[in-house]
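1. sequence plus predicted model, see below.
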Amino acid sequence: GFTPHISKDDAPKKILGKIFASNIKTLHDTAEGIDTEIFTAAVDALHNAHSIYVYGIGTSAGIACDFQYRLTEIGLSAFFFTDVANMRVSALNIREGDAAIGISNSGRTAATADALALAREHGAKTVCVTSYPKCELVKNSDYPIVIKTDEIQYPTEGISARIAHISVLDSLAVSLSAKDFD
């Protein structure tokens, strides 16, 4: 696969090109490889939910906050949780008819996976956005949305994955707004 390595000798201009090339490839691969039946079912589950609980920690926290804001903008009842204790408490109080969405690049973030598992146990429909198909988050999701990333070799997680996660979540939000187009 295509994995542009960042070296300490790369000039900023070269790094810019490598990051953009990696992001473009990840977006293309995700658009081509996403399971559209699962995506559509996730849209329906979120649309039919009384309230939507959005979970994300670390680099996924900002994305969770942004997604919750977009859902609220289109008139849905949505809450985001980026703190371990609050995630657990909210999941313990979730009800049948609600939905929960967990966002984690690795899919191994324990608090996010645990919150989704609790939400599911309490009758909520569960959705996740992750980069790894065989992870805890997917195991706890009714509708796992897995992006395709060929991550750039750089000592931080999820550079190109983050833009794909945002694109998937924007696609969910726009799909939800289209259901109530007027």
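-> In hand now; what should we look at?

2. buried sites along stretch 66-84?
-> Neighbour-count burial for stretch 66-84, with 16 or more other Cβ atoms under 10 Å as criterion, is recorded at 66-68, 70-71, 76, 78-82. C-beta here means a position set from N, CA and C on the backbone, and glycine is covered the same way.

3. those residues in strands, which ones?
-> 78-81 (DSSP state E).

4. closest one of these to Lys148?
-> Lowest distance from Lys148 to these (Cβ to Cβ) belongs to Phe80, with 25.2 Å.

5. which residues touch the nearest residue to the closest one once chain neighbours are set aside?
-> Leaving aside its sequence neighbours, Phe80 sits nearest to Gln68 (Cβ to Cβ, 6 or more residues apart in numbering; 3.7 Å). Contacts here follow Cβ atoms under 8 Å, 6 or more residues apart in numbering; on that basis Gln68 touches 52, 54, 78-80.

6. before we move on, what about Gly58?
-> With Cβ under 8 Å, 6+ apart, Gly58 has these contacts: Thr109.

7. and the helix or strand containing Asp44, which residues are buried?
-> For Asp44, the enclosing helix or strand under DSSP states H and E is helix 36-48. Across helix 36-48, burial judged by 16+ other Cβ under 10 Å covers 38-39, 41-43, 45-47.

8. please apply the same query to stretch 123-134.
-> For stretch 123-134, burial by neighbour count (16+ other Cβ under 10 Å) applies to 124-132.

9. nearest to Arg108 among those?
-> Distances from Arg108 to those, taken as Cβ to Cβ, are shortest for Tyr132 (7.7 Å).

10. return the member of the buried residues of stretch 123-134 nearest to Ala11.
-> Ser131 (28.5 Å).

11. ok, back up a step: from the chain's centre, how far out does the helix holding Asp44 sit?
-> How far helix 36-48 lies from its chain's middle: 14 Å, per Cα atoms, centre = their mean, to the nearest Å.

12. how about stretch 25-40?
-> Between the centre of stretch 25-40 and the centre of its chain there are 13 Å (Cα atoms, centre = their mean).

13. send me it as CSV with only the CA atoms.
-> The C-alpha coordinates for stretch 25-40 follow below in CSV (Å, rounded to 0.1, in the frame of the first residue of the first chain):
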residue,chain,number,x,y,z
LYS,A,25,-6.3,8.3,-0.5
THR,A,26,-8.1,7.6,2.8
LEU,A,27,-11.1,9.5,1.7
HIS,A,28,-11.2,7.8,-1.7
ASP,A,29,-10.7,4.3,-0.1
THR,A,30,-13.4,5.0,2.5
ALA,A,31,-15.9,6.3,-0.1
GLU,A,32,-15.2,3.1,-2.2
GLY,A,33,-15.2,0.6,0.6
ILE,A,34,-17.8,1.8,3.1
ASP,A,35,-20.7,-0.6,3.7
THR,A,36,-23.6,1.5,2.4
GLU,A,37,-26.3,-0.9,3.8
ILE,A,38,-24.8,-0.5,7.3
PHE,A,39,-24.5,3.3,6.8
THR,A,40,-28.1,3.6,5.7
